[in-house]
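J.: Structure, please.
(one chain, ligands or ions: 2)
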Amino acid sequence: MDSYGKKNGNIPLIRLENIGMIYKIGDISYEVLKGINMTIEKGEFVSIMGASGSGKSTLMNILGCLDKPTSGSYFLEDRDVSGLTSDELAEIRNKKIGFVFQGFNLIQRLSIIENVMLPLYYSGLHSRDSEEMAVEALKLVDLSEKGNKFPNQISGGEQQRVAIARAIVNNAPIIMADEPTGNLDSVRGADVMNFFGKINAERGATIILVTHDRHIAGYGRRLVTVKDGMIISSETINI
Ligand SMILES: Nc1ncnc2c1ncn2[C@@H]1O[C@H](COP(=O)(O)OP(=O)(O)OP(=O)(O)O)[C@@H](O)[C@H]1O
Ligand SMILES: [Mg+2]
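T.: Ligands and ions are numbered 1, 2, ... in the order given. The predicted structure follows:
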């Protein structure tokens, strides 16, 4: 009973088997992912590092059901999602995955609370409870007071916290973040990372983070290193 994933014969949240990704441009093929094997247990906080161009975002796009691999299998909660249609993948994304991007990606003409409520519209969960859920999510990132402001009226760090609130509003069990601190200074970056830690600890959300910054990666509990489209190490982060 060394790891809780094995305790009850639990299935991992995510299992990648020999995932390959080849991009074709004209006659030339680029093999960007080369046989990725990986499991992620529910509740983990995994940081992914690797040089620019090593395939981190490509891997994240596959994990996030935004893209389909050229080869291999992806099991999400033991369901093989590698062969699903785009519509089926969109449905999984809406229910299971919250995204946080480097550029915040808030909609400027919507208020903060409306931005946070957006995923509830998309997933058909919209109801009288929506506003309450958005208020709750904003509270978690300490932005209760900013709901009626607009994105251009708050700081970059606050905008990224709104993006986190938006990612968690429908209780998505998985949060994926690709360079979420890339546009922030180190103080704002640390602030944002503390909120990822909080949603991992308090909501049990599984977090998968891509970063260039070793210090930022240290907020996770496991560090996966990607090189030339392959995973070259996976190690527990000791605090
Ligand atoms: N849609 C695409 N078509 C063709 N090649 C692509 C495509 N997307 C990515 N690539 C190539 O795949 C390789 C890996 O790209 P990827 O974006 O996954 O790298 P990354 O590790 O996220 O890099 P960075 O740290 O700079 O964000 C790169 O060589 C890139 O040029
Ligand atoms: Mg990238």
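
J.: How about the residues of the chain by ligand 1?
T.: 23, 25, 30, 32, 50, 52, 53, 54, 55, 56, 57, 58 (CB under 6 Å from any ligand atom). Glycine gets a C-beta too; all of them are placed from N, C-alpha and C.

J.: and the third one, that one's in a strand?
T.: In other words, residue 30. Yes - the assignment for residue 30, made by DSSP: H, G, I helix; E, B strand; the rest coil, places it in a strand.

J.: does the nearest residue to it once chain neighbours are set aside belong to a helix or a strand, and which?
T.: Nearest non-adjacent residue to residue 30, counting by CB to CB, 6 or more residues apart in numbering: residue 23, 4.7 Å away. If you go by DSSP states H and E, residue 23 is part of strand 14-25.

J.: hmm, back to that, do I have it right that the residue nearest to residue 30 meets residue 29?
T.: Yes - using CB atoms under 8 Å as the test, residue 23 is close enough to residue 29 to be in contact (7.2 Å).

J.: for the closest residue to residue 146 other than its chain neighbours, phi and psi?
T.: Nearest residue to residue 146, sequence neighbours excluded (CB to CB, 6+ apart): residue 112, at 5.3 Å. The phi and psi torsions at residue 112 (degrees, to the nearest 10) take the values phi -60, psi -50.

J.: Tell me who's in contact with residue 112.
T.: Neighbouring residues of residue 112 by CB atoms under 8 Å, 6 or more residues apart in numbering: 106, 138, 143, 146, 147, 148, 149, 150, 151, 154, 162.

J.: For the fourth one, grab the count of nearby residues.
T.: If you count neighbours by other CB atoms under 10 Å, residue 146 ends up with 19.

J.: For it, give its distance to ligand 1.
T.: Per CB to the nearest ligand atom, to the nearest Å, residue 146 is found 30 Å from ligand 1.

J.: same deal with the fifth one?
T.: From residue 147 over to ligand 1 the distance is 32 Å, taken as CB to the nearest ligand atom.

J.: So that residue sits against residue 113, correct?
T.: Yes - applying CB under 8 Å as the test, residue 147 and residue 113 come out as touching, 3.8 Å apart.

J.: what's the overlap in contacts for the two?
T.: 134, 135, 138.

J.: Walk me through the regions of the chain where pLDDT falls short of the threshold, as ranges.
T.: Residue ranges of the chain with pLDDT under 70: 1-9, 125-126.

J.: What's the first helix or strand after the longest helix anywhere in it?
T.: Of all segments of type helix in the chain, defined using DSSP state H, the longest is helix 186-203. Scanning forward in sequence from helix 186-203 by DSSP H and E, the next helix or strand is strand 206-210.
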